[in-house]
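>>> predicted model and sequence below, questions to follow.
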Amino acid sequence: MNELGRGVVVLPGQAAPEGWNDAPRVLVGEASPELLARLTEHWLERRPLVVELAVPIAELRQPETCQTAAYQLRPDFEFARERLHFLVWANNYDATKGGEPVWWHGRLAQRLGSTQLPVDGGPRANLPCTVVHRESVESGRLGETRTSALPSLELASDQLQAVQHRGGAARVLAPAGSGKTRVLTQRLDYLLQCGFEKDRVMALAYNRRAALEMRQRMPRANISTLHALGYKLLRAHAEVRVAEEREVRAILSRLVKPPPMLNQDPLQPYLEGLQQIRLGLVAPEQVEESREDVPGLAAAFDDYRAELRRRGLVDHDEQIYGALELLLREPQARKQAQRACTHLLVDEFQDLTPAFLLMVRLISAPAYQVFAVGDDDQVIYGYAGADPDYLVHFHKYFHSGSGYLLETNYRCPMPVVQAAGYLLARNRRRVPKLLRAVDQPGEMRLDLASPAQCAARAVEQVENWLGQWQANQIAVLARVNAVLLPIQLLLSERGIPCSRSLDASILQRTGLRSALAYLRLVLNPMKYHPADLADALRRPSRMLKREILEKASRCRNRDDLWKFAQLQDAWPASQLEEFTDDLRLLGKHLGRGLVAFFQCLRQQTNFLQALDQLDRSGLGQSGNSHRDDLLALEQAAAVFPGQPSEFVSWLEELLTRPGDEEGVRLSSVHRVKGQEWPCVLVYGVNQGLFPHRLSEDEEEERRILHVAITRSRQHCHLLADQSAPSPMLAEMQPPPAPAPPKKKKKKKS
């Protein structure tokens with residue numbers, strides 16, 4: 001049937017059967033990228049082709065395996081011969097034996113029973129008529145596939161165009177507020193209404209919350225997270241269970257020897273390193289060389305995984321990495337996964353790491369019928385391996401993919417949409433786009449305040465909103481969690497319900513713990529606590545030998561410490577005297593108040609430089625820096641109503657209060673992508689936070705701020721330090737109009 005676009009397979013030099021005399025011919029030998037691209041185009045567009053098969057049929061049919069370590073592969077890896085085999089036989093007659101060309105899928109359909117409909121082998125959504133599709137026949141069914149179905153909900157024209165995508169891979173760029181989930185679930189519903197088998201259609205959500213939302217909208221569909229799918233694949237191959245954290249740490253602690261880190265989790269860097277290897281597909285040796293806190297990681301990597309296997313365990317990341325190995329090495333497991341994911345819908349595509357993308361490609365091969373929904377302007381997990389190029393250059397990973405753009409932001413007020421557009425236009429690694437906003441009420445405001453007033457100003461704004469909105473309709477977002485400390489303290493003290501972004505464990509972070517140790521030493525000069533003295537003497541480092549530090553830490557008061565210093569050699573004596581001088585200086589400033597004390601510690605000692613050195617040792621850019629912690633403590637001091645001696649107990653008491661998940665939401669931006677509120681306050685839009693001082697990717701920092709402001713449905717309030725506002729605030733304004741050309745002066749005659 002010409003309308004189905006079938007080609008024919010012949011041997012080299014063999015004449016084409018009647019009906020294909022005018023069709024172009026292509027010689028099929030090695031599976032080169034050029035050959036695969038040409039065959040893919042003919043299959044997708046239903047253009048008949050004469051395939052001269054110059055490779056033995058039995059050889060082409062053989063499954064492939066890959067024994068290479070998964071971390072050595074790139075996300076664009078594929079089994080090229082298996083893809084070639086699919087493209088040769090999916091929608092082509094077999095004339096290699098001469099005589100009447102054979103349509104093998106039709107023969108298989110006849111064995112299943114009588115059907116009056118043609119059996120199609122082309123792209124299933126790109127149908128000229130009602131058919132029985134090759135995929136149905138392979139599943140042992142003769143169900144009809146139709147193209148007359150309509151989405152169950154009314155959609156805008158750009159959304160409808162994406163939902164009714166006709167064949168092959170599709171990239172749907174879905175900016176904030178454009179109806180991403182609506183389009184994804186309606187596409188899922190559309191495929192099922194068209195007659196696609198439920199067990200051949202799979203939707204992948206990025207996390208459990210998103211999967212639950214999709215299941216609520218589409219209870220009859222197959223919906224999973226990537227991790228759950230990986231675990232299911234592993235469980236089908238062997239009896240395994242997910243390891244508890246204590247089991248993971250027990251295994252790891254026997255394989256590595258962490259460097260000494262005072263009051264820090266010595267295994268956390270190793271857990272981060274294991275994630276970078278398995279989800280970022282980075283060689284263990286490269287990860288170890290890039291960090292200073294994971295000696296022995298490369299040597300322990302294989303042993304760690306072997307011990308997991310011996311115990312029948314998988315940890316969180318092994319659900320993905322182990323599944324990758326299974327898909328690469330076991331053709332039958334790969335084939336079963338591909339059958340379940342013949343039509344794959346992927347949510348939050350921009351958040352895929354290299355391992356996630358490789359997994360998506362392996363389970364969607366060889367046809368790569370992937371419906372990818374995401375936004376290159378919301379890639380904010382670069383530290384985990386997410387890359388905007390996966391969407392920008394989508395065609396590189398999914399051949400001949402179609403592109404759709406959802407153009408309207410239905411969530412945010414016009415000022416937010418415009419500001420986001422100006423900000424993102426500064427980026428280069430993106431798909432250029434202009435977005436429209438619907439005409440709805442709303443505002444975007446900027447408030448500048450002194451550092452001491454910022455927290456109080458933020459809480460004042462929250463209280464103003466509470467006159468009209470419920471607490472759970474308000475969110476206060478920040479670049480990092482730590483800077484929310486004074487906000488949480490003030491809200492808790494005033495009895496305003498709020499979620500708990502921070503707890504008392506923040507006081508044990510290196511910078512805060514040491515700063516509070518200095519405070520207690522100054523408050524109690526005649527009764528030092530050994531732990532406080534040990535903490536303060538180590539930061540900044542005074543290059544003292546361990547035995548000197550241990551003995552100095554036993555001094556009970558300022559006088560004892562001074563006497564101990566006089567008994568030492570020149571260097572340790574000078575360092576201990578400098579330390580006591582710092583304590584005297586801090587004591588003078590404490591007389592002016594807590595804020596003055598912490599400002600002095602930050603500005604007039606080497607304490608901050610010591611914390612900055614810790615920050616440079618490999619902190620992930622989505623985390624808090626020690627400098628952030630110290631500035632947050634300074635702002636907390638600005639809102640503290642009592643005496644300095646009560647400050648620490650005040651912190652501990654408020655930070656141990658339980659949070660209220662139905663209250664005002666306090667969160668870093670990274671944790672709320674995909675969520676929205678009527679009222680959003682973005683706190684700390686300051687230099688050093690936007691962009692973050694530890695980040696090397698300014699474009700991602702713009703994307704983070706863009707995500708923050710587009711969480712708002714009506715009111716967006718930006719609060720910044722008036723002495724150091726973020727340079728990105730200016731980037732959110734319209735570019736200056738070009739200067740008019742200067743008029744040429746007329747020459748005097």
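Ah, there it is.

>>> run a quick neighbour tally on residue 252.
Using other CB atoms under 10 Å, residue 252 has 21 neighbouring residues. Where C-beta positions appear, they are placed from N, C-alpha and C, glycine not excepted.

>>> now do the SS call for the nearest residue to residue 399 once chain neighbours are set aside.
Nearest residue to residue 399, sequence neighbours excluded (CB to CB, 6 or more residues apart in numbering): residue 40, at 4.9 Å. Assigned by DSSP: H, G, I helix; E, B strand; the rest coil, the conformation of residue 40 is helix.

>>> residues near residue 40, how many?
Residue 40: 20 surrounding residues under other CB under 10 Å.

>>> correct me if wrong: it contacts residue 395.
No - the pair residue 40 / residue 395 is not scored as a contact, 10.9 Å apart, by CB atoms under 8 Å.

>>> now for the residue nearest to residue 399: which residues touch it?
87, 168, 399, 400 (CB atoms under 8 Å, 6 or more residues apart in numbering).

>>> how about residue 466?
The contact partners of residue 466, by CB under 8 Å, 6+ apart, come to 474, 496.

>>> against residue 497, how distant is it?
Separation of residue 466 from residue 497 (CB to CB, to the nearest Å) stands at 10 Å.

>>> what of residue 194?
Relative to residue 497, and taking CB to CB, residue 194 is found at 47 Å.

>>> more neighbours: which of these two?
The neighbour count for residue 194 versus residue 497, taken as other CB under 10 Å, is higher for residue 194 (19 against 16).

>>> report pLDDT for the more buried one.
For residue 194, the pLDDT comes out at 93.

>>> hmm, who's touching stretch 197-212?
For stretch 197-212, the external contacting residues (CB under 8 Å, 6+ apart) are 135-136, 139, 141, 143, 181, 184-185, 188, 191-192, 213-214, 218, 220-226, 228-229, 339-348, 351, 360, 674.

>>> determine the longest strand present in this structure.
strand 712-721 (DSSP state E).

>>> which parts of the stretch 151-300 of the chain are helices?
For the stretch 151-300 of the chain, the helices defined by DSSP state H, counting those that start in this stretch occupy 157-163, 180-193, 208-217, 226-237, 245-253, 268-280, 284-290, 297-310.

>>> relative to helix 208-217, how tilted is the second one?
Spelled out, it's helix 180-193. With axes from the mean of the first three to the mean of the last three CA atoms, to 10 degrees defining the directions, helix 180-193 sits at 50 degrees from helix 208-217.

>>> just how off-centre is helix 180-193 within its chain?
In terms of CA atoms, centre = their mean, to the nearest Å, the centre of helix 180-193 is found 23 Å from the chain centre.

>>> so which bits of that helix are buried?
Residues of helix 180-193 classed as buried: 180-192 (neighbour count, 16 or more other CB atoms under 10 Å).

>>> what's the farthest-apart pair in the residues you listed?
180 and 192 (19.4 Å; CB to CB).

>>> the helix or strand of the chain with the lowest mean pLDDT packs against which elements?
In the chain, the helix or strand scored least confidently by mean pLDDT, DSSP states H and E is helix 607-615, which has a mean of 87. If contacts are counted by 3 or more CB pairs under 8 Å, 6 or more residues apart in numbering; DSSP states H and E, helix 607-615 sits against helix 510-523, helix 594-603, helix 626-639.

>>> and the helix or strand that comes right after the longest strand of the chain, C-alpha only, in PDB?
Sequence order places helix 728-731 as the next helix or strand after strand 712-721, per DSSP states H and E. Output in PDB follows, covering the C-alpha atoms of helix 728-731 (Å, rounded to 0.1, in the frame of the first residue of the first chain):
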ATOM      1  CA  MET A 728      20.800  40.300  37.900                       C
ATOM      2  CA  LEU A 729      18.200  42.800  39.100                       C
ATOM      3  CA  ALA A 730      19.400  45.200  36.400                       C
ATOM      4  CA  GLU A 731      19.300  42.300  33.900                       C
END
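
>>> burial measure for the residue nearest to residue 251 when sequence neighbours are not counted, as a count.
Spatially, and ignoring its direct neighbours in sequence, residue 251 is nearest to residue 307 (5.0 Å; CB to CB, 6+ apart). Using other CB under 10 Å, residue 307 has 17 neighbouring residues.

>>> one more: residue 153?
The local packing of residue 153 (other CB under 10 Å) involves 12 other residues.

>>> residue 652 too?
Neighbour tally, residue 652, other CB under 10 Å: 11.

>>> nearest residue to residue 167 other than its sequence neighbours?
Spatial nearest neighbour of residue 167, excluding adjacent residues (CB to CB, 6+ apart): residue 123 at 3.0 Å.

>>> how about that neighbour, secondary structure?
coil.

>>> buried set for the helix or strand containing residue 492?
In this structure, residue 492 is located in helix 485-493 according to DSSP H and E. In terms of neighbour count (16+ other CB under 10 Å), helix 485-493 has its buried residues at 485, 486, 487, 488, 489, 490, 491, 492, 493.
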